[in-house]
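[1] Would you be able to build a 3D model of this:
(chains A and B)
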Amino acid sequence: MKLFFHIGRYTVLLFKVFSKPEKSKVFFINLFKELELIGVNSLGIVAIISVFMGSVITIQTAYNIENPLLPKYLIGLTARDSILLEFSSTIVCLILAGKVGSNIASEIGTMRVTEQIDALEIMGVNSASFVIFPKIIAAIFIIPFLTIFSSIIGIFGGWLGGVMAGVTSTEEYVYGIQYSFNAFYVFYALVKTSAFAFIITSVSSYQGYFVSGGALEVGKASTKAVVYSSIVILLFNLILTQLILS
Amino acid sequence: MIRLDNISKSFPDKQVLKNVNAVFQKGKSNLIIGQSGSGKTVLLKSIVGLHEIDEGDIIYNERSFTKMSFKQRMEIRKEIGMVFQGGALFDSSTVQENVMFPLNMFTDLSIDEKLERANFCLNRVNLVNANNLFPSEISGGMKKRVAIARAIALNPKYLFCDEPNSGLDPITSIVIDNLIKEITEEYQITTVVNTHDMNSVMEIGDNIIFIYKGEKWWEGSKDEILNTDNKEVNDFVFASELIKKVKPIR
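    Here you go, the predicted structure:
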């Protein structure tokens, strides 16, 4: 029953969020702030994760296809497809659910317990729309770019790791990542990422928006935001993969 | 003027307000007093719509707040200023940005006009040279002043203050009390102050409502409260040793 209560309250919140902003200028100022917070400030962690992820995928693939009958360029090809299809979209979004999701839940939760949300409401501002809407739009816009960035860095990391570990050569790897490239995979990754961006921001905002109590509850909301966002991402990963790739 | 008609409010485990009736006059400092847990904050938050009441009606100048739609309430809230217990200033904005916030949201003034208005409001609460400081960099008393400046930025018709003196020393408390009273009289605002500070009561209480166990138990002026025979009011008013010493003198 509690699950239905939360789904219902989450839906009602989204109706409040997706309403016309009171002042477009203020909305765009907030949007650009969020683009920086969610996107630009996540570049570092995404780059670090992607380069190591790409390296490990390449090395693992190489050790798993140690067969003279299999061409070496398969290492690059497999690394590319793994990075594009799953790692840069799903894994990076799971990492972002930790970084961005906890940040959003604690920010909004703190606003709630310090009565800043109430202050907005009293002023006649639709607090849900004012606080959450720019975050959702910014995330849907910027996280797909982070995915593309992650894919590029991941493929580069794969080359770096593969060549440094001596499991592939530059020629073989470059040939592999160009071989039989399917642009639809990029589309698939971007659609998935946009959905995950919405999940991360909306679920985390929901957790923060309805906090009651004090600092302890804000901490709990932050943890719940990460856990529930991750679970919903994994669930939708399955659903979207089945829908798009089947 | 704000009128409360028989308002009641319950939470799942407790009835907090029981048939409260009251009238808050324009240009007067209306105080809601009572012990912690008596229902003062719930009453104040119910009046501004942060809590939905179960029964009764809240009338703002002949307009029923209870029957208004979400959009109509948003409109009437533009006539309301509120000072929260902790200030509720936006952490990531400077003092000046906090005061300018309602102006940015609801006016089409130029940036110079907004700055002028924000500076006027900050000067009105005697806060100078603090425009570029963040809430974390200012004292509790300054936060309350910024909150008042933000609350009056749009020339509200109604001002609500939830325990404006909590956490302040007695001298700063008096400064804040007098500021609220001056602003109320100067701009003819309907002001409702929620407090349990007897100094505030004696300083600014034009009309006082005593809430006891969720009910309106007593109503009167600051002069009447010291002479009432109401036991619960006396227990509250003369709770401190300091005021007990004052009573025999009177």
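[2] Can you tell me the SS state at the residue minimising distance to the centre of chain B?
    Centroid-nearest residue in chain B, with Cα atoms, centre = their mean: B:Cys161, separated by 1.7 Å. With DSSP: H, G, I helix; E, B strand; the rest coil as the basis, B:Cys161 sits in strand.
[3] got the residues of chain B near chain A?
    Chain B has residues B:45, B:48-50, B:74-78, B:80-82, B:84-86, B:88-91, B:101-102, B:104-106, B:160 near chain A, with proximity defined as Cβ under 8 Å from any Cβ of the partner chain. In this view, the C-beta of every residue, glycine as well, is placed from N, C-alpha and C.
[4] taking those one by one, which sit in helices?
    B:45, B:74-77, B:101-102, B:104-106 (DSSP state H).
[5] now, the most widely separated pair of the residues you listed?
    Pairwise distances across those (Cβ to Cβ) peak at 25.3 Å, for the pair B:Lys45 and B:Asn104.
[6] shouldn't B:Lys213 be in contact with B:Ser38?
    Yes - assessed by Cβ atoms under 8 Å, B:Lys213 is found in contact with B:Ser38 at 6.5 Å.
[7] The two: which has the busier surroundings?
    Remark: of B:Lys213 and B:Ser38, B:Ser38 carries more neighbours, 23 against 15, as counted by other Cβ atoms under 10 Å in any protein chain shown.
[8] Run a quick neighbour tally on the closest residue to the more buried one other than its chain neighbours.
    Nearest in space to B:Ser38, with sequence neighbours left out and distances taken as Cβ to Cβ, 6 or more residues apart in numbering or on different chains, is B:Ile211 at 4.7 Å. Look at B:Ile211: counted by other Cβ under 10 Å, it has 25 neighbours.
[9] Show the contacting residues for the residue nearest in space to the middle of chain A.
    Residue closest to the average C-alpha location in chain A (Cα atoms, centre = their mean): A:Cys93, at 2.6 Å. By Cβ atoms under 8 Å, 6 or more residues apart in numbering or on different chains, the contact list for A:Cys93 reads A:143, A:147, A:193, A:196-197, A:200, A:233.
[10] List just the nearest of those residues to chain B.
    A:Ile200 (20.8 Å; Cβ to the nearest Cβ).
[11] I figured that closest one hits A:Leu96, correct?
    Yes - with contact defined as Cβ under 8 Å, A:Ile200 reaches A:Leu96; the gap is 6.0 Å.
[12] Need the residues touching each of these two.
    Common neighbours of A:Ile200 and A:Leu96 (Cβ under 8 Å, 6+ apart) are A:Ile143.
[13] Contact residues of chain A facing chain B?
    Counting by Cβ under 8 Å from any Cβ, chain A comes close to chain B at A:22-23, A:25-26, A:110, A:114-116, A:118-119, A:121-126.
[14] from the residues you listed, which would you call buried?
    Buried by 16 or more other Cβ atoms under 10 Å in any protein chain shown: A:22-23, A:26, A:110, A:114-116, A:118-119, A:121-126, out of the residues of chain A next to chain B.
[15] Next, the buried residues of the helix or strand harbouring A:Leu238.
    Assessed by DSSP states H and E, A:Leu238 sits inside helix A:215-245. By 16+ other Cβ under 10 Å, the buried positions in helix A:215-245 come out as A:218, A:221-222, A:224-226, A:228-230, A:232-233, A:236-237, A:240-241.
[16] helices or strands next to it in the packing?
    Here helix A:215-245 touches helix A:92-96, helix A:102-113, helix A:184-209, going by 3 or more Cβ pairs under 8 Å, 6 or more residues apart in numbering or on different chains; DSSP states H and E.
[17] What average pLDDT does the second one get?
    Helix A:102-113 shows a mean pLDDT of 96 in the predicted model.
[18] angle of it against helix A:215-245?
    Helix A:102-113 runs at 140 degrees relative to helix A:215-245, counting by axes from the mean of the first three to the mean of the last three Cα atoms, to 10 degrees.
[19] Give the other helices and strands that helix A:102-113 contacts.
    Judged by 3+ Cβ pairs under 8 Å, 6+ apart, the packing partners of helix A:102-113 are helix A:116-122, helix A:127-165, helix A:184-209, helix A:215-245.
[20] ok, now with 6 Å
    Under the contact definition 3 or more Cβ pairs under 6 Å, 6 or more residues apart in numbering or on different chains; DSSP states H and E, helix A:102-113 sits against helix A:184-209, helix A:215-245.
[21] could you give the angle of the shortest one to helix A:127-165?
    Inter-element angle recorded for helix A:184-209 and helix A:127-165: 130 degrees (by the same axes, to 10 degrees).
[22] so how many other residues sit close to residue 15?
    In the absence of a named chain, this looks at chain A. By the criterion of other Cβ under 10 Å, A:Phe15 has 10 neighbours.
[23] you looked at the wrong chain, it should be chain B
    13.
[24] Quick check: which element contains it?
    Going by DSSP H and E, B:Gln15 is part of strand B:14-24.
[25] For the following helix or strand past that strand, which strands pair with it and how are they oriented?
    Going down the chain from strand B:14-24, the next helix or strand is strand B:29-33, by DSSP H and E. The pairing partners recorded for strand B:29-33 under DSSP bridges are strand B:190-195 (parallel), strand B:207-212 (parallel).
[26] what does strand B:29-33 contact?
    For strand B:29-33, the surrounding residues in contact (Cβ atoms under 6 Å, 6 or more residues apart in numbering or on different chains) are B:24, B:40, B:181, B:184, B:191-195, B:201, B:204-210.
[27] and the angle from it to strand B:14-24?
    Angle, strand B:29-33 to strand B:14-24, by the same axes, to 10 degrees: 160 degrees.
[28] right, and B:Leu159 touches B:Gln188 too?
    No - with contact defined as Cβ atoms under 6 Å, B:Leu159 does not reach B:Gln188; the gap is 10.9 Å.
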